[in-house]
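K.L.:
Please find the sequence and the predicted model below.
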Amino acid sequence: MEPTPLVRPRSFVVRGRKTEAQTRAIDELWPSFGLEFTGEPLDLDAAFGRRAPRVVEIGFGNGENLLTLAERHPDRDFVGIEVHGAGIGRVLGAMRDRGLTNIRIVRHDAVEVFETGLRPGSIDEILIFFPDPWPKARHHRRRLVQPEFGRLLVRAIAPTGVLRLATDWEPYAEHMIEVLDAEPGLANAAGADRFVPRPEDRPVTKFERRGERLGHAIFDLEYRPRT
Ligand SMILES: C[S@@+](CC[C@H](N)C(=O)[O-])C[C@H]1O[C@@H](n2cnc3c(N)ncnc32)[C@H](O)[C@@H]1O
């Protein structure tokens, strides 16, 4: 057996170039809607200037889901965590075009943000949609959903909160259910070892469309904190 490396491998590879418009959107709008992560807990009350139900989306990609939900729910605040600059530029530009003010963006590894950046019990909903599946066995450790990360999710989520995930990669879906069903702080809303039906109100994203084009089934998971 190979020795376990001491350094946690990242769940992402930063790739892709920003368009000029995306670069401009970041230059202009990051000061208003970007949150600098310093390792300290983020002051979300101050960032949003109000106290509203709080949703965190991890790995929002080009932001289709984040933007649709923020527009649909002006009474909720959304924190998007992503490392992909082009997607961040796209979301900021779309926020301006659609007049949205209830999104803040953290450009950092979500694992580290969950380690120290979120106060315990402060998040009402956590969304992880179509995370990178890392299909090769030697890359499985790069998958975002791991037992240690499950514990961090439990720490951040409010007692009445919900964790939702989706993937089109069946082996990752099975891995997710194995890891999260085994987390003592979480209860599978569908019952042990089961998926929930696709929520009708979950917006379709690029990666879901891609999965469907490839003939993949889509798996949705939902967990609530165990009280
Ligand atoms: C396969 S894409 C899915 C994007 C989007 N959720 C969708 O459904 O279209 C996964 C995204 O997660 C981001 N990501 C992966 N690991 C991350 C991490 N640890 N922190 C922040 N973003 C991450 C990647 O940059 C990428 O944009």
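P.N.:
Okay, I see it. Please read these numbers as outputs of a predicted model, since none were measured by experiment.
K.L.:
wait, is Val91 part of a strand?
P.N.:
No - assessed by DSSP: H, G, I helix; E, B strand; the rest coil, Val91 does not belong to a strand; its assignment is helix.
K.L.:
So that it lines up with my notes, have the first residue be 285 from now on.
P.N.:
That works, and once the first residue is 285, the last one we named lands at Val375.
K.L.:
so it touches Gly345, yeah?
P.N.:
No - taking contact to mean Cβ atoms under 8 Å, the distance of 9.4 Å between Val375 and Gly345 leaves them out of contact. Any C-beta I mention is one placed from the backbone N, CA and C, and that applies to glycine too.
K.L.:
Which residue, other than its chain neighbours, is closest to the residue nearest to the spatial centre of the chain?
P.N.:
Residue closest to the average C-alpha location in the chain (Cα atoms, centre = their mean): Ile342, at 1.5 Å. If you skip the residues right next to it in sequence, Ile342 has Ala394 as its closest partner in space, 4.4 Å away by Cβ to Cβ, 6 or more residues apart in numbering.
K.L.:
next one: Pro417
P.N.:
Counting by Cβ to Cβ, 6+ apart, the nearest residue to Pro417 once its immediate chain neighbours are dropped is Trp453, at 3.7 Å.
K.L.:
Show me which residues of this structure sit near the ligand.
P.N.:
Contact residues (Cβ under 6 Å from any ligand atom) of the chain with the ligand: 295-296, 342-345, 365-368, 371, 393-395, 413-416, 428, 489-491.
K.L.:
hang on, the earlier thing: I'd like the distance between the residue nearest to Pro417 and Glu432.
P.N.:
Trp453 is 21 Å from Glu432, where distance means Cβ to Cβ, to the nearest Å.
K.L.:
Have a look at these two and say which one is more surrounded.
P.N.:
Trp453 (23 against 11; other Cβ atoms under 10 Å).
K.L.:
How about the contacts made by the more buried one?
P.N.:
Under the criterion of Cβ atoms under 8 Å, 6 or more residues apart in numbering, the contact list for Trp453 reads Pro417, Pro419, Gly495, His500.
K.L.:
What about the last one, how many residues nearby?
P.N.:
Spelled out, it's His500. With neighbours defined by other Cβ under 10 Å, the count for His500 comes to 16.
K.L.:
ditto for the first one
P.N.:
Residues lying near Pro417 (other Cβ under 10 Å) number 22.
K.L.:
Same check on Glu348?
P.N.:
As a measure of burial, Glu348 has 21 neighbours, counting by other Cβ under 10 Å.
K.L.:
do the same with the one 10 residues further on
P.N.:
Each residue near Pro358 was counted by other Cβ under 10 Å, and the total is 12.
K.L.:
Nearest residue to it in space, please, no chain neighbours.
P.N.:
In space, and not counting its chain neighbours, Pro358 is closest to Asn386: 6.0 Å by Cβ to Cβ, 6+ apart.
K.L.:
before we move on, the earlier item: quick check: neighbours shared by Val375 and Gly345?
P.N.:
Looking at what touches both Val375 and Gly345 (by Cβ under 8 Å, 6+ apart), the common residues are Glu366.
K.L.:
More neighbours: which of these two?
P.N.:
The residue with the greater number of neighbours, taking Val375 and Gly345 and applying other Cβ under 10 Å, is Val375; the counts read 29 against 21.
K.L.:
Could I get the contacting residues of that one?
P.N.:
For Val375, the set of contacting residues under the criterion of Cβ under 8 Å, 6+ apart consists of Phe344, Asn346, Gly347, Leu350, Leu351, Gly364, Glu366, Ile387, Ile389.
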